[in-house]
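Enquirer: The sequence isn't on hand, but the structure is:
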């Protein structure tokens, strides 16, 4: 089916996210205004105005009441989803690279960049009172210089630990209370660009610049599968229908600075579908004319959305062929 | 315990006692000789029973090496034999003649003409040069110098006499080198399925591997890290794989790809095999200035590893420098307006002189006979000429004059029956300083019928487009398959790797396809497959080789990290007679059916293996998921607690709480013109 094009950003998309029900799609870009859209028809509901720099990362609370965004303007903002007003603005020393609501939605974990002599940090704050947030973290850990900087973060299934993705390709599991490292997963050889959970929160998929994506068991950080492409992978997602349609989708492509020829074909900006178990590619979807920076399945597993370096978000609904295709085994 | 008395001197050790004695003695000496030495000179001489077990060599080997030898100072002396025996009256004249002959190699410091009792010279003389190098050069150049009919100079270095003097009386038979069993060097031809081998270099050049192009998956035969430092080459019949190293070339072969030979040639860059693989020509731009011998180009015997002859290269070199005749008997190159033909195995110049051809542009050997074809460019009023030369007789078997020639390209038919010369001719030539510009180029084909009496020549004029196609313009790479009926065309980078398969029987394009950014294309030796490659040497991303069937059907896309080069292992010419080939062609259907069945079995076996593998993977995964889901169920209570009792496990689990929202869709767009 023809995808819905969401045109509302002036610069390249950095992250997109559905809310839990999948009726809303949030998008952030290098321009300072994250947007929210109806996923069903692509109508823009509104934008969250307030930042003054690239918005690197966003997340939405499970009940779609709160929306958070971390920006290169060295602030993290907590918004009211419905009204678009900023409840709280937290000032940082460096830009915010990863944000994540805990399962309960009462805590936010965020990571900051390593810049201007400041170390990369992993912090957790309490947001039970969204209008009166105490900006002092309840847990604070210095990531650098012991490890390389953390660029993405997400929570384990029961609010007990957080996992960070790092510049050198490692992923680290931290105890949420002590801030101590529990486990390190060292499989990727280059920067982790994105991490996403399966719908039940038990599996984790990482996308890396080393041209692969990997599937992990989050409880023991055991690397289970590897999906190999020939381009840096910027984002990867697991289908919510994993037990009937065990698929993963990956987006990426040659970075603009590395594409030396005039032809855009060399970049390979397709969304690629892999069989989760057999690690084999079975479909590609063309469309973007720049690398895909963020990709995610619709929570009902019947479509997906991708946001690209070209500034567009494309919302796809699967055709029947998608459900009919089966691997022989 | 014994109590010592106060005045008893303490017991002295023996050494101390000896010391005391010495002192006393010294005092005595002092007394005897006033102003003498205070201390006695220690005794350095060896005890009488001392045996020296350290040789001088061990102690001062470095000094001994510099010890003057008898030959020092005489190494610049040469002995010339075969000098006329003359009396004293004509000696001065002889001396003048000899001086003249030898002066170009350096100053003669000394000369000695031994005489017999009658005052006549003995027929040999001694000459001393300024240095050793001059002496050596004189020997090299003037040995076997013909002074006149009766007298031929035989020159030797004086130091050589010592060498030959020391030849042992008894003959010791040389020990035969043990025969190195290299195994079956042609084993690859015995593959029961006739799969071909190919070599690939990847990892940016650090790894080289040999694969068997089996169906359905290529099988790895050998893989080595740092097998070569630059690239590899197969010998023309496929027996050897040559690898390049800083110090020279190594040849590998046999079933396990063991090293069979190596040739030491520092900085070697190119090699060329003779058609029968008997010899290898190697080229290196590195030249050691100290050595007098040519080193740029060396010809080696492939099997023994012997250096056969070395040559100097012109700069910049055009590779290959030498062109070989089909049977390895002759090789030739153009050198200063000459064709120098050398013969094997003596490696001497044929008839000791080159064939002088003024204005020669290019030449080529017939692929079957020892006939050399060359062409000469136009020079003012002299027309251009194509000549056929029979070797070794040097007989000109055919010449053909051509006018208004801009360029010639010579192409031999594979069986040597025909020679086709493509002549580019011009309508107008304009001279601009040193360059000549041609305009109105058109093409002629001059076809020489080699097997007919007198070698008749057909001229064929073709105008316009057709020749453009034959030539291939721009950055195109054309490979035609050996057996000659299929061509594949590859438009290189500027055309993004467009690939065309053309049947030359009727010049029909069988398939137009592409391999994006492809840099190379290679036919396999049987003409069944084509490989198109994106080499890391040419392009930094998407390095891969793709295999195509000869009809242009894609068979496999193989992405290899930093893939550099793919080369098919060649096969020697077929031993089948024309009749055999005809028979095979006739019964093709019968054979083909057989092979198809085999292929089908292989494919079904492979797909069965894949399915088994998948089943196993799926089973493991299903078990894993079962465990995970159980865990997920166990955690349910905790999850409910974290989300205030709301069940959010599935999208429909709290459907009752959903709020209804109206969303508008744009169903149709209509434009209605409203009239005023």
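Expert: Thanks, I have it. Quantities reported herein were computed from a predicted structural model and do not represent experimental measurements.
Enquirer: Report the buried residues of stretch A:127-147.
Expert: Residues A:127, A:130, A:133, A:137, A:139, A:141, A:143, A:144, A:147 are the ones in stretch A:127-147 that count as buried (16 or more other C-beta atoms under 10 Å in any protein chain shown). Where C-beta positions appear, they are placed from N, C-alpha and C, glycine not excepted.
Enquirer: what's the answer for stretch B:395-412, then?
Expert: Buried residues in stretch B:395-412 (16+ other C-beta under 10 Å): B:397, B:398, B:400, B:402, B:404, B:405, B:406, B:407, B:408, B:410, B:412.
Enquirer: before we move on, the earlier item: can you add pLDDT and distance to chain B and give the buried residues of stretch A:127-147 back as CSV?
Expert: CSV is the format used below for these (pLDDT from 0 to 100; distance: C-beta to the nearest C-beta, whole Å):
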residue, pLDDT, distance to chain B
A:127, 91, 14
A:130, 82, 15
A:133, 84, 19
A:137, 90, 20
A:139, 90, 17
A:141, 90, 22
A:143, 89, 26
A:144, 81, 31
A:147, 91, 28
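Enquirer: can I get those residues in TSV with secondary structure and distance to residue A:169?
Expert: Formatted as TSV, the buried residues of stretch A:127-147 follow (DSSP: H, G, I helix; E, B strand; the rest coil; distance: C-beta to C-beta, whole Å):
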residue	secondary structure	distance to residue A:169
A:127	coil	31
A:130	coil	35
A:133	coil	33
A:137	coil	26
A:139	strand	24
A:141	strand	20
A:143	coil	14
A:144	coil	15
A:147	coil	11
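Enquirer: farthest-separated two in those residues?
Expert: A:130 and A:147 (30.9 Å; C-beta to C-beta).
Enquirer: all helices for the stretch 51-200 of chain B, in order.
Expert: B:56-65, B:88-102, B:132-142, B:158-165 (DSSP state H, counting those that start in this stretch).
Enquirer: which residues does the most centrally placed residue in chain B bridge with?
Expert: For chain B, the residue nearest the mean C-alpha position is residue B:271 (3.4 Å; C-alpha atoms, centre = their mean). Counting by DSSP bridges, residue B:271 forms beta bridges with residue B:282.
Enquirer: Find the residue closest to residue B:123 in space, skipping its chain neighbours.
Expert: Sequence neighbours aside, residue B:85 is the residue nearest to residue B:123 in space, at 4.5 Å (criterion: C-beta to C-beta, 6 or more residues apart in numbering or on different chains).
Enquirer: do the same with residue B:216
Expert: Residue nearest to residue B:216 in three dimensions, not counting chain neighbours: residue B:606, with 4.8 Å by C-beta to C-beta, 6+ apart.
Enquirer: Dihedrals phi and psi, that neighbour?
Expert: phi -60, psi -40 (degrees, to the nearest 10).
Enquirer: Go ahead and confirm it touches residue B:214.
Expert: No. With contact defined as C-beta atoms under 8 Å, residue B:606 does not count as touching residue B:214 (10.2 Å).
Enquirer: I'd say the residue nearest to residue B:123 and residue B:122 touch.
Expert: Yes. Under the criterion of C-beta under 8 Å, residue B:85 makes contact with residue B:122 at 6.7 Å.
Enquirer: need the strands for the stretch 351-500 of chain B, in chain order.
Expert: With strands called from DSSP state E, counting those that start in this stretch, the stretch 351-500 of chain B shows them at B:355-356, B:360-365, B:371-376, B:384-390, B:395-402, B:405-412, B:418-425, B:428-432, B:435-439, B:442-449, B:457-462, B:476-480, B:486-491, B:498-503.
Enquirer: Let me know which of those strands is tucked in deepest.
Expert: Neighbour counts averaged per stretch over these are highest for strand B:371-376, at a mean of 23; criterion: mean count of other C-beta atoms under 10 Å in any protein chain shown.
Enquirer: In chain B, where is pLDDT below threshold?
Expert: B:1-40, B:69-73, B:287-293, B:315-316, B:431-436, B:462-497, B:503-508, B:654-657, B:676 (pLDDT under 70).
Enquirer: For residue B:143, give its distance to chain A.
Expert: Noted for residue B:143: a distance of 62 Å to chain A, by C-beta to the nearest C-beta, to the nearest Å.
Enquirer: Residue in the stretch 1-150 of chain A with the shortest distance to chain B?
Expert: Distances between the stretch 1-150 of chain A and chain B by C-beta to the nearest C-beta are smallest at residue A:104, namely 3.7 Å.
Enquirer: Kindly state the beta-bridge partners for the closest residue to residue B:454 other than its chain neighbours.
Expert: Among residues not flanking residue B:454 along the chain, residue B:398 sits closest, at 7.6 Å (C-beta to C-beta, 6+ apart). Beta-bridge partners of residue B:398, counted by DSSP bridges, are residue B:388.
Enquirer: Is residue B:398 in contact with residue B:387, as I believe?
Expert: Yes. Counting by C-beta under 8 Å, residue B:398 does reach residue B:387; the two are 7.2 Å apart.
Enquirer: How many residues are close by the residue nearest to residue B:123?
Expert: Look at residue B:85: counted by other C-beta atoms under 10 Å in any protein chain shown, it has 14 neighbours.
Enquirer: give me every residue that touches residue B:311.
Expert: B:294, B:296, B:297, B:298, B:299, B:321 (C-beta atoms under 8 Å, 6 or more residues apart in numbering or on different chains).
Enquirer: The same query, at a cut-off of 6 Å, please.
Expert: By C-beta atoms under 6 Å, 6 or more residues apart in numbering or on different chains, residue B:311 lies in contact with B:294, B:297.
Enquirer: got a list of what the residue most central in space within chain A touches?
Expert: Centroid-nearest residue in chain A, with C-alpha atoms, centre = their mean: residue A:194, separated by 5.2 Å. Residue A:194 makes contact with A:207, A:235, according to C-beta under 6 Å, 6+ apart.
Enquirer: would you say it is within a strand?
Expert: Yes. Counting by DSSP: H, G, I helix; E, B strand; the rest coil, residue A:194 falls inside a strand.
Enquirer: Bridged to it, which residues?
Expert: Bridge pairing for residue A:194 - DSSP bridges - gives residue A:207.
Enquirer: burial of residue B:521, as a residue count?
Expert: 22.
Enquirer: Okay, now the sheet partners of the one helix or strand it maps to, with direction.
Expert: If you go by DSSP states H and E, residue B:521 is part of strand B:520-523. Using DSSP bridges, strand B:520-523 pairs in its sheet with strand B:529-534 (antiparallel).
Enquirer: What residues of the strand it pairs with count as buried?
Expert: Buried residues in strand B:529-534, counted by 16+ other C-beta under 10 Å: B:529, B:530, B:531, B:532, B:533, B:534.
Enquirer: Do I have it right that residue B:252 meets residue B:241?
Expert: Yes. Using C-beta atoms under 6 Å, residue B:252 makes contact with residue B:241 at a distance of 4.6 Å.
Enquirer: Now do the contacts for the nearest residue to residue B:276 once chain neighbours are set aside.
Expert: Ranked by C-beta to C-beta, 6+ apart and with sequence neighbours excluded, the top spatial neighbour of residue B:276 is residue B:328, at 4.3 Å. Counting by C-beta under 6 Å, 6+ apart, residue B:328 touches B:274, B:276, B:278.
Enquirer: Please repeat the previous calculation with a cut-off of 10 Å.
Expert: The neighbours of residue B:328, taking C-beta atoms under 10 Å, 6 or more residues apart in numbering or on different chains as the test, are B:273, B:274, B:275, B:276, B:277, B:278, B:279, B:344, B:345.
Enquirer: what kind of secondary structure is the third one in?
Expert: What it means is residue B:275. When the rule is three-state DSSP, residue B:275 gets the label coil.
Enquirer: Give the full set of residues in contact with it.
Expert: Counted by C-beta under 10 Å, 6+ apart, residue B:275 has contacts B:235, B:236, B:237, B:323, B:324, B:325, B:326, B:327, B:328, B:365, B:367, B:573.
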